[in-house]
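**Student:** A structural model of the following input is requested.
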Amino acid sequence: MQTARDKIRELRALHDDGLLSLQEFDRRKNAILDAEYAPPGGSATPIAFAPRQGTELGLMSGQEIGPQNRRYRLERLIGMGGMGQVWQATDLATHAELGHSDMVALKILPPQLTQSATHAKLLIEEATQARKLAHENIVRVYEWAQDPATSSYFIIMEYLEGQDLDAYLAKSGPVPLATVYELLQPVADALQYAWEKHKLVHRDIKPGNVFLTQRGEIKLLDFGIASRARSAGSSLGLQTPNAGTAGYRAPEAGTHQRQPSPQLDVYAVAVMIYQMLEGRVPFDDTRNAEVHPPAPAGLNPRQWQVLQSGFAYAYERRPATVAELFDALRRAAGPSDEELAAQAEQARARDQQRQKEAAAQAERQRAHDQQARALEQQRAAELAAKRQAEAQAAALEKIRADKLRRELAVKQRAEAEESARIRKQQLREQLQARRDADALKAQQERDEQHRKALQLKAEAAYRAEQDRHRKELAERSARELKALMPTPGSPVADPTGVLRDRFVDGTGVGPDLVLIPTGRFQMGSAEHEHLVAIKAGSQKNWLERETPHHWVGIEQSFALGRYPVTVGQWKVFVRATKWESQSDTDWKDPGFRQTDDHPVVGVSWVDAQKYLRWLSEKTGQVYRLPSEAEWEYACRAGTKTAFSFGDAISTEQANYDGNYTYNGSARGEFKQGTTKGGSYAPNPWGLFDMHGNVWEWVQDVVHENYVGAPVDGRAWEEGDDQIRRVLRGGSWLYNPRYLRSALRNGYSAVLANDIVGFRVARKLV
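**Tutor:** Predicted coordinates:
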């Protein structure tokens, strides 16, 4: 529990940093002192002006909130109400580094809703559950945190631009049923996903929690968090119902007689459909079973009956889910049995009328045919006279045509003679051109033979140089292998090249290791890779960390863990050393299923150092974290592309959030947790999971770029931010652009997370 002195000290630090004005500092300080030292049973301050704990958060634009290692700058107040304030904010540190957008939305809860440890824990559990909801129509929840200055908990969410359904209806008024389907069907899909995948019920559906983005998306807000906050407020004596909002809350909500069911959300959505059609809600919050609102415009009787079942007073009379409510409304749009019978009777009457009209038409046709025969006889006589005249004209035309044919024959003979002369001339010219072409082809063949001879000579010289280079490499490898020859009793690599160190006391073996040879490579990324990454959503300031693109020489061979350290290997360390976690993340139960073959998570950089010291003592060898240069050299394994398997990636090659794509790749699977080692193919040097699964600690401290970095493969531990260490490789929770070989990340060395693990390195000589 913070004392008054601690709270004032934090306020003074905010004032010294320019985040609080002097007037605001004095106001908050006086409120803290009045609350701390007010005399028992009363106060010297008049009741009307006495400060009330937690009645306002005192936040303003430009202020930074959050713990020291995870800061957010408030930019603009988006909304506020009984459940706190929602701000647009800039992510300044940890979450931006781990892949979230720079711009986020913060839902800041009043301190009175979380001053009890039990209520705070419930809210944290709700935020953790909401974080697992990965659906296109549910706003993404990234994380939760607590501000030390105000003691307020806040939830970090996806930032959206647009308006909620309340604002939309205030402008448009009542809307037709087609618009209702268009705006609420995505809500039904999101609720169906949450119930089927996670058995979660929203419990606070209302127009204010349905958001219409500027891009035309529909997003469902406050999934379970607001109702949990209301439950906390109610137990504190605050005037907040414990489930739902007045007018949209089902009669059974808050009775504590059963677990929440989807019928709570069915009731609220049915009320919203009525409101969107009629311009008002059908009930107030004190409704009873006898209240029957009038039917809204735009619904037939069957549809009105279905909608009434949606907000029925007894929950068992409602459809099981919102999706079933919409299906029933659509089915009710068709005609009833009575209407179908009436339509059939009308069809029979139309058939009888058509038969009468057909008989009348037949009679008219007979009269018409008689008239037509008389006209046909008249036309036949006229046609005979016309044909006789045409025969006379044809005879005259034949005489003229014969004369023209004779004249044309004379002209054609003259043209044929001229054409023959021209063909002979063309043949002579073609023959000469063919002779010239043959001479040119012969000269070209002689030139080609000369060029090939020169090429063969150059290739022979190149092969000789390559043979010499391979001989030098073989001699150097022989020297290195001789230096690595084990002494009697030392571990030896198996036929696949995997090295395992036995514990000196014979109780076990260390992690599988792969020998990494010396060599040179270009560290960082080139401009063409930046352009592809930007198209995939990368930010320029992140890409600047990978510059300048520079050569690095790995001058000492070393061994590197074939897999990240596993849960089973960590268990051996925990049992031997009695190590206890200081993190909020439980390595034994991180929120998704793991076996002994999965990579361990919830381990800080400091914890990894303890494991390496213990492993060195158990094996008699020198174990350490790889340097950042060694890690990228081993990850690339001789490649120069964005990933060790090319410039594109799929979820068949690595574990990441397959809802996102990179460089034209297809969408894939999102496993929502780690996969065990060996689930994907290794890189060319036999190393598994260098891309995705978990972020991996390396030895280096965080620097903004490579200016001044070592070029011999050593860890860069001088200067810059000593408390933060570099992470590499990406993880199961993040986009594929974070899995590139060159990407650099950073995190506090004393913190742990359910997406961070590590891989061991071992000194050879």
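**Student:** any idea how far the residue lying farthest from the centre of the chain is from Arg405?
**Tutor:** Distance from the centre of the chain peaks at Gln392, with 88.6 Å (C-alpha atoms, centre = their mean). Gln392 is 21 Å from Arg405, where distance means C-beta to C-beta, to the nearest Å. C-beta coordinates here come from the backbone N, C-alpha and C atoms, glycine included.
**Student:** check Val180 too.
**Tutor:** For Val180, the distance to Arg405 (C-beta to C-beta) stands at 82 Å.
**Student:** neighbour count: the two, which is higher?
**Tutor:** Each of Val180 and Arg405 has its neighbours counted (other C-beta atoms under 10 Å); Val180 has more, 20 against 9.
**Student:** what helix or strand is Gly568 located in?
**Tutor:** Assigned by DSSP states H and E, Gly568 belongs to helix 567-577.
**Student:** what is the burial count for Gln594?
**Tutor:** By other C-beta under 10 Å, the residues close to Gln594 number 20.
**Student:** let me see the contact set for it.
**Tutor:** Residues in contact with Gln594, defined by C-beta atoms under 8 Å, 6 or more residues apart in numbering, are Val567, Gly673, Thr674.
**Student:** 6 Å instead?
**Tutor:** For Gln594, the contact set (C-beta atoms under 6 Å, 6 or more residues apart in numbering) comprises Val567.
**Student:** neighbours of Thr518, just the number please.
**Tutor:** Using other C-beta under 10 Å: Thr518 sits among 15 other residues.
**Student:** return the helix or strand in this protein with minimum mean pLDDT.
**Tutor:** Using mean pLDDT, DSSP states H and E, helix 225-235 stands out as the lowest-scoring helix or strand of the chain, at a mean of 46.
**Student:** can I get the helix or strand just after it in PDB, CA atoms only?
**Tutor:** From helix 225-235 onward toward the C-terminus, using DSSP H and E, the following helix or strand is helix 263-278. The C-alpha trace of helix 263-278 is given here as PDB (Å, rounded to 0.1, in the frame of the first residue of the first chain):
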ATOM      1  CA  GLN A 263     -29.200 -15.500 -23.700                       C
ATOM      2  CA  LEU A 264     -28.000 -12.400 -21.900                       C
ATOM      3  CA  ASP A 265     -26.500 -11.100 -25.200                       C
ATOM      4  CA  VAL A 266     -29.600 -12.300 -27.200                       C
ATOM      5  CA  TYR A 267     -31.800 -10.100 -25.000                       C
ATOM      6  CA  ALA A 268     -29.500  -7.000 -25.500                       C
ATOM      7  CA  VAL A 269     -29.200  -7.500 -29.300                       C
ATOM      8  CA  ALA A 270     -33.000  -7.900 -29.700                       C
ATOM      9  CA  VAL A 271     -33.500  -4.600 -27.800                       C
ATOM     10  CA  MET A 272     -31.000  -2.900 -30.100                       C
ATOM     11  CA  ILE A 273     -32.900  -4.200 -33.200                       C
ATOM     12  CA  TYR A 274     -36.100  -2.700 -31.900                       C
ATOM     13  CA  GLN A 275     -34.300   0.600 -31.100                       C
ATOM     14  CA  MET A 276     -32.700   0.800 -34.600                       C
ATOM     15  CA  LEU A 277     -36.100   0.200 -36.300                       C
ATOM     16  CA  GLU A 278     -38.300   2.300 -34.000                       C
END
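**Student:** which helix runs longest in the protein?
**Tutor:** Counting by DSSP state H, the longest helix found in the chain is helix 337-483.
**Student:** domain map for this protein?
**Tutor:** Split into domains by automatic domain parsing, the chain comes to 4-158, 162-331, 360-483, 498-763.
**Student:** to Ala349, which of these lies closest?
**Tutor:** Among the domains of the chain, domain 360-483 comes nearest to Ala349, with 17.2 Å by C-beta to C-beta.
**Student:** please state the offset of the closest one from the chain centre?
**Tutor:** Centroid displacement of domain 360-483 relative to its chain, using C-alpha atoms, centre = their mean, to the nearest Å, is 55 Å.
**Student:** measure how buried Ala384 is and give me the count.
**Tutor:** 9.
**Student:** let me know the pLDDT of it.
**Tutor:** At Ala384, the model reports a pLDDT of 86.
**Student:** before we move on, what about the one 5 residues further on?
**Tutor:** Reported pLDDT at Ala389 in the predicted model: 88.
**Student:** gap between it and Gln672?
**Tutor:** Relative to Gln672, Ala389 is positioned 94 Å away (C-beta to C-beta).
**Student:** just Thr585 next, same as before
**Tutor:** With C-beta to C-beta as the criterion, Thr585 and Gln672 are 16 Å apart.
**Student:** please identify which of those two sits among more neighbours.
**Tutor:** Counted by other C-beta under 10 Å, Thr585 and Gln672 do not tie: Thr585 has more neighbours, with 18 against 14.
**Student:** near the nearest residue to that one once chain neighbours are set aside, how many other residues are there?
**Tutor:** Spatial nearest neighbour of Thr585, chain neighbours left out: Gly602 (3.7 Å); criterion: C-beta to C-beta, 6 or more residues apart in numbering. Neighbour count for Gly602, taken as other C-beta under 10 Å: 21.
**Student:** cool, and Met80?
**Tutor:** Using other C-beta under 10 Å, Met80 has 14 neighbouring residues.
**Student:** OK, contacts around the closest residue to Tyr563 other than its chain neighbours?
**Tutor:** Closest residue to Tyr563 apart from its sequence neighbours, by C-beta to C-beta, 6+ apart: Gly677 at 3.7 Å. Shown in contact with Gly677 (C-beta under 6 Å, 6+ apart): Tyr563, Asp597, Phe688.
**Student:** distance from the chain centre to the helix or strand hosting Val552, please.
**Tutor:** Per DSSP H and E, Val552 falls inside strand 550-554. Chain-centre distance of strand 550-554: 34 Å, with C-alpha atoms, centre = their mean.
**Student:** would you indicate which residues of that strand are buried?
**Tutor:** Val552, Ile554 (16 or more other C-beta atoms under 10 Å).
**Student:** for Ala190, phi and psi?
**Tutor:** Main-chain torsions, Ala190, degrees, to the nearest 10: phi -60, psi -40.
**Student:** partner strands of the helix or strand where Ile156 lies, with direction?
**Tutor:** Taking DSSP H and E as the definition, Ile156 sits inside strand 153-158. Here strand 153-158 is paired, per DSSP bridges, with strand 103-108 (antiparallel), strand 141-146 (antiparallel).
**Student:** buried ones in the last one?
**Tutor:** Under the neighbour-count criterion of 16+ other C-beta under 10 Å, strand 141-146 has Val141, Tyr142, Glu143, Trp144, Ala145, Gln146 buried.
**Student:** could you give the bridge partners of the nearest residue to Trp695 once chain neighbours are set aside?
**Tutor:** Leaving aside its sequence neighbours, Trp695 sits nearest to Leu727 (C-beta to C-beta, 6+ apart; 4.2 Å). Judged by DSSP bridges, the bridge partners of Leu727 are Trp697, Asn745.
**Student:** test my guess that Pro111 contacts Ser152.
**Tutor:** Yes. Applying C-beta atoms under 6 Å, one finds Pro111 in contact with Ser152, separated by 5.4 Å.
**Student:** which SS class is the residue nearest to Ser644 when sequence neighbours are not counted?
**Tutor:** Spatial nearest neighbour of Ser644, excluding adjacent residues (C-beta to C-beta, 6+ apart): Asn683 at 4.1 Å. Assigned by DSSP: H, G, I helix; E, B strand; the rest coil, the conformation of Asn683 is coil.
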